[in-house]
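Peer 1: Here's a sequence, model it:
(2 chains)
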There are 2 protein chains.
Amino acid sequence: MTKQYHDTILSDAALDQLYNHARTYNGWLDKDVSEDQLRAIYDLMKMAPTSANMQPGRFVWVRSQEAKERLAECASEGNKDKIRAAPVTVVIGYDIDFHEQLPWLFPHTDAKSWFEGDEEGRIEGAKRNSALQGAYMILAARAQGLDCGPMSGVDLDQVTGAFFADQPRVKADWVCSIGYGDPNTIFDRSPRPDFERFNSIA
Amino acid sequence: MTKQYHDTILSDAALDQLYNHARTYNGWLDKDVSEDQLRAIYDLMKMAPTSANMQPGRFVWVRSQEAKERLAECASEGNKDKIRAAPVTVVIGYDIDFHEQLPWLFPHTDAKSWFEGDEEGRIEGAKRNSALQGAYMILAARAQGLDCGPMSGVDLDQVTGAFFADQPRVKADWVCSIGYGDPNTIFDRSPRPDFERFNSIA
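Peer 2: Numbering: from 1, shown residues only, chains lettered A, B, ... in the order given. Modelled structure (predicted):
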């Protein structure tokens, strides 16, 4: 029987660590992030749901100075130094041909056939679901006591060429630094909307 | 000074509730979800990061029998009864003109001007970031002791017409049921990939 947590609300400390006090950082303490930590993040994020378990995200975890330099070359002026200084920056891409993996990722049924011949639909699904995976990753990193700095200011075609040249059906979509945030590099918290502003109950 | 959680790893129980033991449900116990619970979910999810704090997601929380019926009409055959039976199903949409809100959402700088005249870029940003918000929502619901059932099997144009007719610049993107999952309505857990399969370290 599957384990359930009905009406179990996480502690305030956990909710603060994940959501309420966590911040986006623009600079990092001089403290490394290990490969084991990256694997722990992936082992959490992969458990969260994607449509038909398609898991379309493809991730390059940039840790070496050479690769950081390669990624910085693809970034807007304001992001170059951030990427050079971060312990790790993850390139989040998506596989347009994720459906080739569905026979083993979603063995309940023939889900591959739903996507064959529909490249436009696959791109839409791959983008939406790899974005979900990126959000699961941000919260998984925070759950491991790390901080994140997501960025969209990169030239995506250039990043695709620099990091997915060996996977011609994969496109880069955004990048996210991970490390121990330097508290001197955060902005004031931007305002958050009241429920009424962008929500309704029908 | 902002609060930090460096190297604080959430308890196994919390990680299991959020990621490892949580499951996607296809049916629901006969137990209501209150408006206060929905507001608690939103108050968490809105704290997580979106690009330039754009918060492009627009959410309709479908609770009444009338609105459930209206949404079920837009769903594929297999999803109609799921929507009718769920205590709540959230319609996740995105606002193509989210940039109009940036003067108050991102007051540090004139971010609105980055997006003016670039509708294609806005749609891309709105889709990516509203997907992030949807993932933050799924984990926030789980953090509140609730379960989720995300679905993409709906006619999005029809959903847009049925739920965002009063907001002509908003498009529906996917839907997600929220409630107390019935343990008899889950599939066997689909396989999850090893790190090596879809990741590399550079």
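Peer 1: For chain A, which residue occupies the most central location?
Peer 2: By C-alpha atoms, centre = their mean, chain A has its centre lying nearest to A:Gly134, at 2.2 Å.
Peer 1: Please settle this for me: is that one part of a helix?
Peer 2: Yes. A:Gly134 forms part of a helix when assessed by DSSP: H, G, I helix; E, B strand; the rest coil.
Peer 1: my guess is it meets A:Trp174, correct?
Peer 2: Yes. Counting by C-beta atoms under 8 Å, A:Trp174 is a contact partner of A:Gly134 at 6.8 Å. Heads up, the C-betas are built off the backbone N, CA and C, glycines and all.
Peer 1: Identify the contacts common to these two.
Peer 2: Common contacts of A:Gly134 and A:Trp174, defined by C-beta atoms under 8 Å, 6 or more residues apart in numbering or on different chains, comprise A:Ile92, A:Pro150.
Peer 1: returning to that earlier point: can you report how many residues neighbour the closest residue to the residue nearest to the centre of chain A other than its chain neighbours?
Peer 2: In space, and not counting its chain neighbours, A:Gly134 is closest to A:Ile92: 4.8 Å by C-beta to C-beta, 6 or more residues apart in numbering or on different chains. Residues within reach of A:Ile92, counting by other C-beta atoms under 10 Å in any protein chain shown, total 21.
Peer 1: quick one: contacts for A:Ile92?
Peer 2: A:Gly57, A:Arg58, A:Phe59, A:Ser130, A:Gln133, A:Gly134, A:Met137, A:Ala172, A:Asp173, A:Trp174, A:Val175, A:Cys176.
Peer 1: Report the separation between A:Trp114 and chain B.
Peer 2: Using C-beta to the nearest C-beta, to the nearest Å, A:Trp114 is found at 10 Å from chain B.
Peer 1: can I assume that residue sits in a helix?
Peer 2: Yes. Assessed by three-state DSSP, A:Trp114 belongs to a helix.
Peer 1: these two touch, right, it and A:Ala52?
Peer 2: Yes. The criterion here is C-beta under 8 Å, and A:Trp114 meets it with A:Ala52 at 7.5 Å.
Peer 1: More neighbours: the two, which one.
Peer 2: A:Ala52 (22 against 16).
Peer 1: quick one: buried residues of stretch A:143-163?
Peer 2: A:143-154, A:156, A:159-160, A:162-163 (16 or more other C-beta atoms under 10 Å in any protein chain shown).
Peer 1: Assign a three-state SS to A:Pro168, would you?
Peer 2: With three-state DSSP as the criterion, A:Pro168 reads coil.
Peer 1: ok, now how distant is it from A:Gly161?
Peer 2: 10 Å (C-beta to C-beta, to the nearest Å).
Peer 1: now the helices: where do they sit in chain A?
Peer 2: Secondary structure of chain A, counting by DSSP state H: helices at A:12-15, A:35-45, A:65-72, A:77-85, A:102-105, A:112-115, A:119-143, A:156-163, A:195-198.
Peer 1: And those: which comes nearest B:Ala48?
Peer 2: B:Ala48 lies closest to helix A:119-143 among these, at 7.0 Å (C-beta to C-beta).
Peer 1: ok and that closest one relative to helix B:119-143, angle-wise?
Peer 2: Counting by axes from the mean of the first three to the mean of the last three C-alpha atoms, to 10 degrees, helix A:119-143 points 50 degrees away from the direction of helix B:119-143.
Peer 1: buried stuff in helix A:119-143?
Peer 2: A:122, A:125-143.
Peer 1: so where is chain A shaky, pLDDT-wise?
Peer 2: For chain A, applying pLDDT under 70 flags the ranges A:1.
Peer 1: switch the cut-off to 90
Peer 2: Residue ranges of chain A with pLDDT under 90: A:1-2, A:152-153, A:187.
Peer 1: Does A:Arg142 touch B:His6 like I think?
Peer 2: No. Between A:Arg142 and B:His6 there is no contact under C-beta under 8 Å: 10.8 Å.
Peer 1: Would you mind listing the buried residues in stretch A:195-202?
Peer 2: For stretch A:195-202, by 16+ other C-beta under 10 Å, it's A:Phe195, A:Phe198, A:Asn199, A:Ser200, A:Ala202.
Peer 1: show me what contacts the first one?
Peer 2: Right, A:Phe195. B:Arg39, B:Tyr42, B:Asp43.
Peer 1: one more time with 10 Å
Peer 2: Contact analysis of A:Phe195 by C-beta atoms under 10 Å, 6 or more residues apart in numbering or on different chains lists A:Ile201, B:Glu35, B:Leu38, B:Arg39, B:Ala40, B:Ile41, B:Tyr42, B:Asp43, B:Lys46, B:Phe59, B:Trp61.
Peer 1: If burial is judged by neighbour count, which of these pass?
Peer 2: Buried among those by 16+ other C-beta under 10 Å: B:Leu38, B:Arg39, B:Ala40, B:Ile41, B:Tyr42, B:Asp43, B:Lys46, B:Phe59, B:Trp61.
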